[in-house]
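> next come a sequence and a model predicted from it.
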Amino acid sequence: MSVKFVVGYDGSQASEGAIRFAIAQAKSCNAVLVVAHVLEWSPYSFLTPTEIEERHKRRNEELKRAEQALIGPLIAKIKSEHAEVESVIRYGNIVDTLMSISADCGADQIFIGRTGHSSLSTRVFGSVAGSLAQHADVPVTIVP
C-alpha cells in the first residue's frame, strides 16, 4: 500500500510553499504526490438549455487553460524533483472538492497553504485551510 499526499494548488505564493513542503515530505516516505487544483463553479439551475451548453463549453475551456498554463508546467517541474506525481483538476466548492479528491485517491494527508486566491465569501465565512482542518477525514497540514 503506497502513501498518498494531496496538495491543494492555486498558483498563489502560499500554495507554492505547500508544494515545496509536500514534496519534501513525500520524498521522506516515498509517497505519491497528488496535486489538486479546484476551479470554483456554482451550479445555476435557472439557466436555459442554450445557456447551460455555452457554460459547459466555457467550463471545458477553463479546464484546458488550467491544465496548460498552471498544472502542466508545475507537474513537469515536480517530476524533475519527485518521480511519483499525479494531478487532478475539478470544478466545485474548494473544501468539498479537495476532500472528495482525497477520498477518491485514498490520500493519507492533505497539504494546503494558509492563504491563497480566495474570494470575499471565503474571507467572511471561513478559510479553505480552516474548513479543511475542521472537516477532512485525514490529517491536514497548513503551510504558512
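Alright, I've got the coordinates. Numbering: from 1, shown residues only.
> how near is the closest residue to residue 14 other than its chain neighbours to residue 94?
Nearest residue to residue 14, sequence neighbours excluded (Cβ to Cβ, 6 or more residues apart in numbering): residue 113, at 2.8 Å. All C-beta atoms are positioned from the backbone trio N, CA, C, and that covers glycine. Remark: distance between residue 113 and residue 94 (Cβ to Cβ, to the nearest Å) = 12 Å.
> who's in contact with the residue nearest to residue 14?
8, 10, 12, 13, 14, 15, 16, 17, 18, 129, 142, 143 (Cβ atoms under 8 Å, 6 or more residues apart in numbering).
> could you look up the SS state of residue 107?
Taken by DSSP: H, G, I helix; E, B strand; the rest coil, the conformation at residue 107 corresponds to coil.
> next, count neighbours for it.
25 (other Cβ atoms under 10 Å).
> so what's residue 115 closest to, chain neighbours aside?
Using Cβ to Cβ, 6+ apart, the closest residue to residue 115 is residue 14 (4.8 Å).
> packing partners for the host helix or strand of the one you found?
Secondary structure from DSSP states H and E places residue 14 in helix 13-29. Applying 3 or more Cβ pairs under 8 Å, 6 or more residues apart in numbering; DSSP states H and E, one finds that helix 13-29 contacts strand 4-8, strand 32-39, helix 72-81, strand 109-113, strand 140-143.
> let me see the mean pLDDT of the second one.
Spelled out, that is strand 32-39. Averaged across strand 32-39, the pLDDT comes to 95.
> helices or strands up against that strand?
Where contact means 3+ Cβ pairs under 8 Å, 6+ apart, strand 32-39 is packed against strand 4-8, helix 13-29, helix 49-66, helix 72-81, strand 85-91, helix 94-105.
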